[in-house]
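Asker: following is a predicted model, sequence given first.
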Amino acid sequence: MADVVQHRLERMVPELDDLEKRSLFDRREIAEIVKKRRKFEYRLQRPSPLKQDFIDYIDYEKQLDRLRVLRKKTVSRQLKDKGNKKMKKSLSDYAGVRRIIEIYRIATSRFKGDLELWFQYLEFCKEKNNGRMKKVLGQVIRFHPKVPAVWIYAAAWEFDHNLNVRAAHVIMQMGLRSCPSSEDLWVEFLRMELTCLNKLKARKVILGEDNGTLVRDDEDAEEKQWQDENNDLFMSLEGEKGADDSSDVQKEDSSKKLDVFREQGFRLFQKIYEGAIDAIPSSFSLRKRFLEILEAMDLAHSKEMQAEIVAHMRRDFSKEPEFWNWLAQGKLKDPQSTPDISSENGRSQVDEVIKVYEEAIQSVPSVVMFDMYIKFLTHVISPKGENAFPGDSSASKRTGDYISHLMKVFEKADAMMCLNEDLACQYVLLLKNMGNFDEAMKLAENYCEGKYSDSRQLWVLRVTEQMKHTTVPGSSCKAHLSSIFDLLKRMVNEVAVSDAEGVWVMALELFANDKRYFGKLVDLALVSVAKDGGRDHGFSLLATIVDFIWLNNGIQQARDFYKCLFTIPHPGLSIYKHCIKLEISSGDISCLTNARKLFECALATYGEDISLWQEYYSMETKMGTSETIGAIYWRAKKALGDASVLTVPSVQ
């Protein structure tokens, strides 16, 4: 290993001498360079060098070469100021790049499957333009013939940088033979061919033999359409009248030349499209991308071709919700924004989309299809997420029509059994927001008692809305408390405590003024926690109840309650810690005694928990005596086998 490293370092001597001779680096800096390179060379000569070893070496050499370039510019400027000739290129100007390429070569030989490393190598060769690009591209293609990105990169380099259209065309065809099922290859092949044709047309335009472009410009098209519609507003000068007849022939000839390119582009598109569809007949996204390219180009028969592609998509993907959603969104002028239904144009767009969705739910009656339909209508009704329902100040007559239509869509989805939990909740909320609370609760009851009996989302929604309605001023709260409590008991059997945090908090506030029901609620909570098991993370129902009792009834009743908690099996370590913090923060005379009792009770079950010992020791350090501090320290050492996790006490 040492001999190999020494040999490689000795080969660097001429380069280093040149750097010193040209005053780019002094002797001390060169010694530091040799030291660094020796370390990197030893790392590369290990039995199993890492990829990072090569990357670090390459990064160092790149930084060193950048520094050399900067210093060379400075020295050249100084020589120029003194009237000397410009510095000629020498060995040191090429040695750095050659070394980096050699490191890349060794790295890619060892890590042949690392595409990221190969592309870094290619980018460096492209940046330095040192003539090795073709050789490296050939190596990458040989090792990774099934990677479409490699073929695309190679064709792009030939097309854009080497300006060899023929070679790029051949590379793309070879890539398609190796990866016939690659969407990206087919799309990039089409883009390349159309770009080449457009460049030929641009050359004709520059020579004055043609005009226009194959790339569609929407602004120019709209301007031309406006001028055609308002032709009578434009008045030609009399001197130009005689020239009109003579220019007609020229315009006709120019349009024929233009059509040649447009026809050629259309034939190219049609041929590549047919080949792509034969290779990947089941790809919906491929046809979308081809259609987007066609819409962006001004080709002959483009409208007919667009209609043909859409017809093929309808034939092959009529059972795919994604196709119908795309078809519906295509009716919008701007699919990224919601149409403004306050304008006639916006309403007409929405109506067109609704027609497509109506056809879709007949062809594909599925949850996914109804979900897409409902989302669209919801965005139309409330584009910014605000409520817009009859009876609200923000509602309008036009919005009301679409809300009624949304109700009908929900009814269809329910009748066709195409509702999931989320859509069912939206249906219930829509009825409630429409002012039909009783109907909404009846629907929620049917769902919870029927096909969605195990739905956490619907149970929580049902109980929450019932409690909200009970707390509305003027409602008969007393008459509803019993039914709500019975509903809570049934919810506990279906929904875990951790999934109903908001419901329990609302229930505590609702039953706070009724001691009988509050006691029943606490008993229900204890049963629920015991069934659910103690949890040391997330929502803690017991801790919430302790805090609620403390804030409303004082610390003593909170103590009485948490003492009952520890009679249930495995209440969880988190409730112990919460009660300890509560005692310490209370400032009561007996808070330290009660906190110690809680610690001892927790240690009886969780004696191996390091954080519990740390908190116990920290409390004694702040509030206890030297005897209690020492006692806890030695107990922790005995229980854990090592007390290094604790701070060494000042008194032992």
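Answerer: Looks like it came in fine.

Asker: so what's Ala413 up against?
Answerer: Counting by C-beta atoms under 8 Å, 6 or more residues apart in numbering, Ala413 touches 367, 370, 374, 419, 423, 427. Glycine gets a C-beta too; all of them are placed from N, C-alpha and C.

Asker: ok, how many other residues are close to the closest residue to Met369 other than its chain neighbours?
Answerer: Spatial nearest neighbour of Met369, excluding adjacent residues (C-beta to C-beta, 6 or more residues apart in numbering): Pro321 at 4.4 Å. By other C-beta atoms under 10 Å, 20 other residues sit near Pro321.

Asker: against Ser337, how distant is Pro321?
Answerer: Applying C-beta to C-beta, to the nearest Å, the value for Pro321 to Ser337 is 22 Å.

Asker: for Phe376, same thing?
Answerer: Counting by C-beta to C-beta - Phe376 and Ser337 are separated by 13 Å.

Asker: which of these two has more residues huddled nearby?
Answerer: For Phe376 and Ser337, the more surrounded residue by other C-beta under 10 Å is Phe376, and the numbers stand at 22 against 10.

Asker: give me the buried positions along the helix or strand hosting the more buried one.
Answerer: When elements are assigned from DSSP states H and E, Phe376 belongs to helix 367-381. In terms of neighbour count (16 or more other C-beta atoms under 10 Å), helix 367-381 has its buried residues at 367, 369-374, 376-378, 380-381.

Asker: go on, stretch 343-356?
Answerer: 346-347, 349-350, 353-354, 356.

Asker: what do you get for stretch 462-469?
Answerer: For stretch 462-469, using 16+ other C-beta under 10 Å, the buried residues are 462-463, 465-467, 469.

Asker: how about stretch 607-618?
Answerer: 609, 612-613, 615-617.

Asker: swap in stretch 543-558?
Answerer: Quick answer for stretch 543-558 (16+ other C-beta under 10 Å): 543-546, 548-550, 555, 558.

Asker: same check on stretch 92-111?
Answerer: Of the residues in stretch 92-111, 92-93, 95-97, 99-101, 103-104, 107-108, 111 count as buried by neighbour count, 16+ other C-beta under 10 Å.

Asker: mind putting the residues you listed in a markdown table, secondary structure and pLDDT included?
Answerer: Shown next, in a markdown table, are the buried residues of stretch 92-111 (DSSP: H, G, I helix; E, B strand; the rest coil; pLDDT from 0 to 100):
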| residue | secondary structure | pLDDT |
| --- | --- | --- |
| Ser92 | helix | 86 |
| Asp93 | helix | 86 |
| Ala95 | helix | 91 |
| Gly96 | helix | 90 |
| Val97 | helix | 92 |
| Arg99 | helix | 93 |
| Ile100 | helix | 94 |
| Ile101 | helix | 94 |
| Ile103 | helix | 95 |
| Tyr104 | helix | 95 |
| Ala107 | helix | 95 |
| Thr108 | helix | 94 |
| Phe111 | coil | 94 |
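
Asker: let's have those residues in a markdown table, adding distance to Val645.
Answerer: Formatted as a markdown table, those follow (distance: C-beta to C-beta, whole Å):
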| residue | distance to Val645 |
| --- | --- |
| Ser92 | 58 |
| Asp93 | 60 |
| Ala95 | 56 |
| Gly96 | 52 |
| Val97 | 55 |
| Arg99 | 51 |
| Ile100 | 50 |
| Ile101 | 53 |
| Ile103 | 47 |
| Tyr104 | 49 |
| Ala107 | 45 |
| Thr108 | 48 |
| Phe111 | 43 |
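
Asker: out of those residues, which is nearest to Ser455?
Answerer: Checking those against Ser455 with C-beta to C-beta, the nearest one is Phe111 at 51.2 Å.

Asker: phi, psi for that closest one please.
Answerer: For Phe111, the backbone dihedrals (degrees, to the nearest 10) come out as phi -110, psi 70.

Asker: export the contacts of Ala413 to JSON lines and append columns for pLDDT and distance to Phe54.
Answerer: Output for the contacts of Ala413, formatted as JSON lines (pLDDT from 0 to 100; distance: C-beta to C-beta, whole Å):
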{"residue": "Val367", "pLDDT": "93", "distance to Phe54": "52"}
{"residue": "Phe370", "pLDDT": "94", "distance to Phe54": "55"}
{"residue": "Ile374", "pLDDT": "94", "distance to Phe54": "55"}
{"residue": "Leu419", "pLDDT": "90", "distance to Phe54": "57"}
{"residue": "Leu423", "pLDDT": "92", "distance to Phe54": "54"}
{"residue": "Tyr427", "pLDDT": "92", "distance to Phe54": "60"}
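
Asker: identify the farthest-apart pair in these.
Answerer: Distance extremes for those: the farthest pair is Val367 and Tyr427 at 12.7 Å, using C-beta to C-beta.

Asker: between the buried residues of stretch 92-111, which is closest to Ile403?
Answerer: Of these, the one sitting nearest to Ile403 (C-beta to C-beta) turns out to be Phe111, at 60.8 Å.
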